[in-house]
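In: Coordinates only, no sequence provided:
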């Protein structure tokens with residue numbers, strides 16, 4: 001009897017292993033010393049330094065797994081959450097209480113996805129995860145999305161665990177617009193197989209809520225819709241990719257806000273050097289005249305929150321180039337330089353300039369020591385706002 005129970009337990013274990021072919025826990029822990037300086041034209045200058053997490057890479061904890069369905073089909077999942085390294089300020093404008101997950105939220109605030117894949121037909125992806133526009137911008141960054149100034153395409157406004165409100169015009173532009181582009185969204189997306197190096201895809205977002213009174217008269221409507229198209233092409237040492245997305249939202253039957261994002265970039269590796277180039281075009285429009293013609297707010301949150309007042313229609317264009325070089329088998333250097341402009345419909349213009357440089361030294365396969373410098377400038381008729389930061393730290397991946 002005892003042997004029979006052991007045999008049944010062994011068979012159950014084998015069956016579970018066959019059904020769930022792989023489950024992996026992974027993560028990043030990034031910590032270091034950060035200094036920063038925020039200068040507002042005609043206003044205050046803020047300086048600071050602290051031990052902070054996530055300057056090179058956002059610390060995270062994740063789980064991914066795949067079940068082989070046979071016949072070239074599979075189902076996979078990915079759950080990923082940012083880690084709350086700083087017990088008081090964390091990595092957002094909302095105070096944390098020292099829990100493991102950032103912002104004291106549940107797991108999956110970076111990704112919560114399930115994917116059905118077929119080798120011949122492609123992949124259907126459902127859930128919360130990175131948008132195609134964000135993926136292009138990260139892929140065209142040598143650091144894959146560091147949290148320090150200087151990268152205009154990613155519009156970083158946060159250094160380590162420090163939240164800044166430097167009054168830049170390239171931050172948040174309206175309460176119902178969010179950031180210049182959505183880094184993550186709840187969506188249903190499709191990704192094709194590769195054909196001769198080319199892969200295409202697209203996604204949709206739909207959130208709708210209509211309220212009517214007892215007489216059937218509409219009281220409120222807050223629909224949000226979005227769609228995206230993307231491609232990437234890889235051939236040898238060349239990679240080219242692009243994304244287009246448009247998001248529409250309405251508030252209380254009064255106005256419609258539209259956010260259109262385009263990102264196109266490419267990179268080429270020759271020997272120890274990789275060159276990157278990217279162009280981004282982000283445009284915000286609001287149908288309500290009182291919002292459309294309003295001036296930009298003077299103090300904007302740069303961390304993805306909302307502004308305290310409405311801003312006018314705006315368009316932000318950026319051209320950016322980067323070089324990454326392997327100096328030796330363990331040391332990699334990079335430099336990024338970008339320029340651009342931000343224009344409001346009522347005529348105000350801001351000129352943008354960003355520079356970022358860094359060194360990464362591999363202590364082992366999974367541990368990297370790094371030094372980063374970043375600077376963003378926003379110039380207008382009122383003067384130039386400047387945000388500068390340096391960071392020294394360690395990143396460990398597992």
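Out: That came through, no problem. This structure is a prediction, so every number in the text was calculated from the model and none was measured.
In: tell me the SS of residue 134?
Out: helix (DSSP: H, G, I helix; E, B strand; the rest coil).
In: Surely it is in contact with residue 182?
Out: Yes: Residue 134 is within contact range of residue 182, at 7.4 Å (criterion: Cβ atoms under 8 Å). Yep, even glycine has a C-beta here, placed from its N, CA and C like the rest.
In: Can you pull the poorly scored residue ranges out of the protein?
Out: Applying pLDDT under 70 to the chain flags residues 1-21, 85-108, 155-181, 207-223, 250-256, 287-312, 345-346.
In: which residues touch residue 140?
Out: 153, 241, 263, 265, 266, 267, 276, 277, 278, 320, 322 (Cβ atoms under 8 Å, 6 or more residues apart in numbering).
In: can you pull up the bridge partners for the fifth one?
Out: Translated: residue 266. residue 240, residue 277 (DSSP bridges).
In: Residue 284 versus that one, what's the distance?
Out: Residue 266 sits 26 Å away from residue 284, taking Cβ to Cβ, to the nearest Å as the criterion.
In: Looking only at neighbour counts, state which of those two leads.
Out: Between residue 266 and residue 284, counted using other Cβ atoms under 10 Å, the more crowded position is residue 284 (26 against 18).
In: Secondary structure of the more buried one: a strand, I assume?
Out: Yes: looking at residue 284 with three-state DSSP, it is inside a strand.
In: what's the closest of the contacts of residue 140 to residue 67?
Out: Nearest to residue 67 out of the contacts of residue 140 is residue 241 (Cβ to Cβ; 28.9 Å).
In: these two touch, right, the closest one and residue 229?
Out: No: using Cβ under 8 Å, residue 241 makes no contact with residue 229, being 11.9 Å away.
In: more crowded one of those two?
Out: Between residue 241 and residue 229, residue 241 has the larger neighbour count (other Cβ under 10 Å), namely 22 against 14.
In: Who's the closest spatial neighbour of residue 50, skipping the chain neighbours?
Out: Of all residues not flanking residue 50 in the chain, residue 34 sits nearest, at 6.1 Å (Cβ to Cβ, 6 or more residues apart in numbering).
In: how about the host helix or strand of the one you found: buried residues?
Out: Here residue 34, judged by DSSP states H and E, is contained in strand 22-39. Buried residues in strand 22-39, counted by 16 or more other Cβ atoms under 10 Å: 28, 29, 30, 31, 32, 34, 35, 36, 37, 38, 39.
In: before we move on, what about stretch 184-199?
Out: 185, 187, 189, 191, 199.
In: who touches the residue nearest to residue 65 when sequence neighbours are not counted in this structure?
Out: Spatially, and ignoring its direct neighbours in sequence, residue 65 is nearest to residue 23 (3.8 Å; Cβ to Cβ, 6+ apart). By Cβ under 8 Å, 6+ apart, the residues touching residue 23 are 63, 64, 65.
In: For the stretch 201-350 of the chain, which segments count as helices?
Out: Here the stretch 201-350 of the chain has its helices, by DSSP state H, counting those that start in this stretch, at 289-292.
In: One more: the stretch 1-150 of the chain?
Out: Here the stretch 1-150 of the chain has its helices, by DSSP H, counting those that start in this stretch, at 2-19, 132-139.
In: Confirm for me that residue 63 is in contact with residue 78.
Out: Yes: if you go by Cβ under 8 Å, residue 63 and residue 78 touch, sitting 7.5 Å apart.
In: More neighbours: these two, which one.
Out: residue 78 (21 against 17).
In: Roughly how far does the more buried one sit from residue 189?
Out: 13 Å.
In: what's the answer for residue 225, then?
Out: Residue 225 sits at a distance of 15 Å from residue 189 (criterion: Cβ to Cβ).
In: about what we covered before: of the buried residues of stretch 184-199, just say which sits nearest to residue 74.
Out: Residue 74 lies nearest to residue 191 out of those, by Cβ to Cβ, at 13.5 Å.
In: so how far is residue 126 from the closest one?
Out: 12 Å.
In: what does residue 184 give?
Out: On the measure of Cβ to Cβ, residue 184 and residue 126 end up 14 Å apart.
In: Could you do residue 26 as well?
Out: Counting by Cβ to Cβ - residue 26 and residue 126 are separated by 21 Å.
In: One more: residue 56?
Out: 31 Å.
In: Tell me which entries of the buried residues of stretch 184-199 lie within strands.
Out: Among those, DSSP state E puts 185, 187, 189, 191, 199 in strands.
In: could you dump the residues you listed to JSON lines with distance to residue 326?
Out: As requested, those are exported to JSON lines (distance: Cβ to Cβ, whole Å):
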{"residue": "185", "distance to residue 326": "35"}
{"residue": "187", "distance to residue 326": "36"}
{"residue": "189", "distance to residue 326": "34"}
{"residue": "191", "distance to residue 326": "30"}
{"residue": "199", "distance to residue 326": "27"}
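In: Does residue 118 touch residue 69 like I think?
Out: No: Residue 118 lies out of contact with residue 69 (Cβ under 8 Å); the separation is 9.1 Å.
In: Quick one: neighbours of residue 122, just the number.
Out: Residue crowding around residue 122 was assessed by other Cβ under 10 Å; the count is 17.
In: so what's the closest residue to it other than its chain neighbours up against?
Out: Leaving aside its sequence neighbours, residue 122 sits nearest to residue 192 (Cβ to Cβ, 6+ apart; 4.3 Å). Applying Cβ under 8 Å, 6+ apart to residue 192 gives the contacts 122, 199, 200, 201.
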